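**Q** I would like the atomic coordinates for the input below:
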Amino acid sequence: MGLSLRLRRATSSLGGGLMRLTYLGLKGELIKKGAEAELYKVTFLGLPAILKRRVPKPYRARELDEYIRRTRTAHEVTMMLHARACGVPVPAIYDVDPDEGVIVMEYIPGPTLRELTSRGVDVKPIFRLVGFYVGRMHRGQVVHGDLTPANIVVPEAEKPFFVDFGLSERTGELEALGTDVHLMLRALESTHYLKVKELFNSFLEGYREVMEARAEEVFKKVLEIRRRGRYVEERRAKVR
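**A** Modelled structure (predicted):
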């Protein structure tokens, strides 16, 4: 499936030295379709790139839908720039059109960390790096919001790149940090349960290197979140 899209001139400034390109025609191949957005592989100024487009929702009032897509697009770019400022590998932003709900970003070749782990490769060093970079994000008050191996791309023999900042936020609250780490643990339990302990321990090793004493506070919050989840499940079981 192809895409032909004309990007309009943006009137708002997103910072970070982003350049606006006027009436740029792009064609690309749909590689992923989610509930909120579509991802296309495109060529941008001769470079392989990913175009992320938030799709309109016909069930929402038009003005509300445009507002939501515009603000979420701008927010995601802002959070990616914050993460990059923390020293975290994220795709470079090439172009943004908030009015169209479009972000054009660097294409990172390689499997996701989830795919790589399923291949039986020794990924403990990578998980340690992931923990290290998550520590950098959290120290800089950036919470990813959907921290799973599926949202981490690992180019061959390179550092892991973090993608999909659509649910991210700026906060240093312990609950938010703990929820981020808990998401990683839950993802490992659901897809790689035989390797959970060794991989999560590698993650924590890297995380502690950056967060130091704060890491133990975050992990205590993770345990608290897990206890709350078990309590809810037990209550639901009793109701049934």
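**Q** so residue 77 makes contact with residue 103?
**A** Yes. Under the criterion of CB atoms under 8 Å, residue 77 makes contact with residue 103 at 6.0 Å. Every C-beta, even on glycine, is put in place using the N, C-alpha and C of the backbone.
**Q** which neighbours do the two have in common?
**A** Residues touching both residue 77 and residue 103 (CB atoms under 8 Å, 6 or more residues apart in numbering): 93, 96.
**Q** in terms of neighbours, single out the busier of these two.
**A** Comparing residue 77 with residue 103 by other CB atoms under 10 Å, the one with more neighbours is residue 103, at 27 against 22.
**Q** list the buried ones in the host helix or strand of the more buried one?
**A** Residue 103 belongs to strand 102-106 when assigned by DSSP states H and E. Burial within strand 102-106, assessed by neighbour count using 16 or more other CB atoms under 10 Å, is assigned to 102, 103, 104, 105.
**Q** ok, those vs residue 27, which is closest?
**A** residue 104 (12.6 Å; CB to CB).
**Q** enumerate every residue touching that closest one.
**A** The contact partners of residue 104, by CB under 8 Å, 6+ apart, come to 26, 42, 44, 49, 50, 51, 52, 93, 94, 95, 96.
**Q** quote the end-to-end distance of stretch 52-67.
**A** 17 Å (CA to CA, to the nearest Å).
**Q** buried ones in it, by neighbour count?
**A** 52, 53, 54, 65, 66.
**Q** got a list of what the spatially closest residue to residue 159 that is not a sequence neighbour touches?
**A** For residue 159, ignoring the flanking residues on the chain, the nearest one in space by CB to CB, 6 or more residues apart in numbering is residue 89 at 5.1 Å. Contact analysis of residue 89 by CB under 8 Å, 6+ apart lists 133, 159, 160, 161, 162.
**Q** the strands in the protein, which residues?
**A** 2-7, 24-33, 37-44, 47-54, 93-97, 102-106, 142-143, 152-153, 161-162, 169-170 (DSSP state E).
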